[in-house]
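Visitor: All I have is the shape, not the residue letters:
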């Protein structure tokens with residue numbers, strides 16, 4: 001039986017010629033930025049107390065108002081035992097792996113950040129809309145529904161920072177963002193919107209290669225990122241390839257050249273497979289831009 005020509009044709013992966021994409025002018029960007037605005041209403045924070053106590057940290061369960069639709073945002077705050085407050089703090093956004101995990105316990109993607117807590121830094125791990133037991137509406141990439149979900153998660157990132165600023169045991173001037181995969185790709189947008197992060201670490205991220213809406217197109221946000229940025233990627237990443245997704249993002253970031261770095265490890269799309277080099281690079285970066293821990 002002869003196969004149809006289209007069945008036997010080579011599979012062509014999604015791609016974009018990012019060299020032809022230009023960021024929108026500032027006036028139009030401000031209109032896009034306004035889509036993500038939120039009211040700084042009361043957080044109504046409630047602590048359920050310590051839910052985990054290990055040799056390295058305590059983990060506190062907290063909920064706050066998410067900032068939309070009367071929803072509540074659950075968060076876990078890890079406080080290290082190897083340092084003294086006020087703590088340098090990292091806000092974490094995990095990969096898409098956690099979108100298909102029905103239960104919060106055990107928390108996913110901790111292998112990307114547990115060493116951060118062990119280094120003496122606090123870690124805030126919000127349970128974002130669309131992850132774990134907080135399902136969002138099904139959405140195609142680049143759709144209006146997908147944009148609505150992104151706006152919700154952007155608000156949650158910023159409300160998380162609002163909460164950290166209410167805690168006397170957190171150093172409000174030493175906050176960092178760390179995202180993995182989707183958390184790194186969308187982190188470009190979150191960091192461009194939120195100016196209270198001193199630095200950001202993007203693991204396994206890059207430019208999305210599928211068509212998207214202008215107001216959620218990373219190319220319109222990357223040049224507006226000015227803070228120090230560390231990117232860590234796998235050389236054999238087929239989700240965010242080195243040539244098409246990683247390097248174009250790194251080049252387009254608006255951070256001065258001396259304050260951005262791209263480290264490429266000999267891994268696939270999971271840089272935690274090289275934990276020694278990953279942890280060494282991330283902790284050295286945090287030491288440089290947040291300072292040594294107490």
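Guide: It's in. Just so we're clear, the structure is a prediction, and the values are computed from it rather than from any experiment.
Visitor: what sits against residue 118?
Guide: Contacts here follow CB atoms under 8 Å, 6 or more residues apart in numbering; on that basis residue 118 touches 56, 57, 80, 82. Every residue, glycine included, has its C-beta placed from N, CA and C.
Visitor: export the residues you listed to a markdown table and tack on pLDDT, secondary structure and distance to residue 211?
Guide: Listed next are the contacts of residue 118 as a markdown table, based on pLDDT from 0 to 100; DSSP: H, G, I helix; E, B strand; the rest coil; distance: CB to CB, whole Å:
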| residue | pLDDT | secondary structure | distance to residue 211 |
| --- | --- | --- | --- |
| 56 | 98 | coil | 44 |
| 57 | 98 | strand | 42 |
| 80 | 98 | strand | 43 |
| 82 | 97 | coil | 46 |
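Visitor: Narrow these to those that are buried.
Guide: The neighbour count (16 or more other CB atoms under 10 Å) marks 57, 80 as buried among the contacts of residue 118.
Visitor: which one of the contacts of residue 118 sits closest to residue 219?
Guide: Among the contacts of residue 118, residue 80 lies closest to residue 219 (CB to CB), at 37.0 Å.
Visitor: OK, contacts around the closest one?
Guide: Going by CB under 8 Å, 6+ apart, the list of residues near residue 80 reads 56, 57, 87, 117, 118, 119, 120, 121, 122, 293.
Visitor: before we move on, back to that, what's the most distant pair in the contacts of residue 118?
Guide: Largest separation among the contacts of residue 118 by CB to CB: 57 and 82, giving 8.8 Å.
Visitor: next SSE after the lengthiest helix in the chain?
Guide: In the chain, with assignment by DSSP state H, the single longest helix is helix 144-164. Sequence order places strand 170-180 as the next helix or strand after helix 144-164, per DSSP states H and E.
Visitor: now that following strand, how far from the centre of its chain.
Guide: 11 Å (CA atoms, centre = their mean, to the nearest Å).
Visitor: Tell me the gap between the helix or strand that contains residue 62 and the middle of its chain.
Guide: Taking DSSP H and E as the definition, residue 62 sits inside strand 57-65. A distance of 19 Å separates the centroid of the chain from that of strand 57-65, by CA atoms, centre = their mean.
Visitor: swap in stretch 252-266?
Guide: Centroid displacement of stretch 252-266 relative to its chain, using CA atoms, centre = their mean, is 16 Å.
Visitor: How about residues contacting that stretch?
Guide: The contact list for stretch 252-266, computed with CB under 8 Å, 6+ apart, reads 18, 23, 188, 219, 222-236, 242, 246-247, 250, 271, 273-274, 277-278, 281, 285.
Visitor: And these, which of them are buried?
Guide: Judged by 16+ other CB under 10 Å, buried ones among the contacts of stretch 252-266: 18, 23, 188, 219, 222-225, 227-234, 242, 246-247, 250, 271, 274, 278, 281, 285.
Visitor: which stretches of the protein form helices?
Guide: Assigned by DSSP H, the chain shows helices spanning 5-8, 26-34, 114-118, 144-164, 182-185, 187-193, 247-252, 275-289.
Visitor: Now do the fourth one: which elements does it pack against?
Guide: Applying 3 or more CB pairs under 8 Å, 6 or more residues apart in numbering; DSSP states H and E, we find helix 144-164 packed against strand 57-65, strand 72-80, strand 87-93, strand 122-126, strand 170-180, helix 187-193.
Visitor: Pipe these into a markdown table and attach distance to residue 35 per row.
Guide: A markdown table is the format used below for these (distance: least, CB to CB, whole Å):
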| stretch | distance to residue 35 |
| --- | --- |
| strand 57-65 | 20 |
| strand 72-80 | 20 |
| strand 87-93 | 19 |
| strand 122-126 | 21 |
| strand 170-180 | 20 |
| helix 187-193 | 10 |
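Visitor: can you tell me which of the ones you listed comes nearest to residue 203?
Guide: strand 170-180 (4.8 Å).
Visitor: helices or strands up against the closest one?
Guide: Packing partners of strand 170-180 (3+ CB pairs under 8 Å, 6+ apart): strand 87-93, helix 144-164, helix 187-193, strand 199-203, helix 275-289.
Visitor: ok, it: who's next to it in the sheet?
Guide: strand 87-93 (parallel), strand 199-203 (parallel) (DSSP bridges).
Visitor: Which one of those strands lies nearest to residue 49?
Guide: Checking the strands paired with strand 170-180 against residue 49 by CB to CB gives strand 87-93 as the closest, at 18.4 Å.
Visitor: how about low-confidence regions in the protein?
Guide: The model of the chain has pLDDT under 70 over residues 1-3, 6-15.
Visitor: buried ones in stretch 88-106?
Guide: 88, 89, 90, 91, 92, 93, 94, 95, 98, 99, 101, 104.
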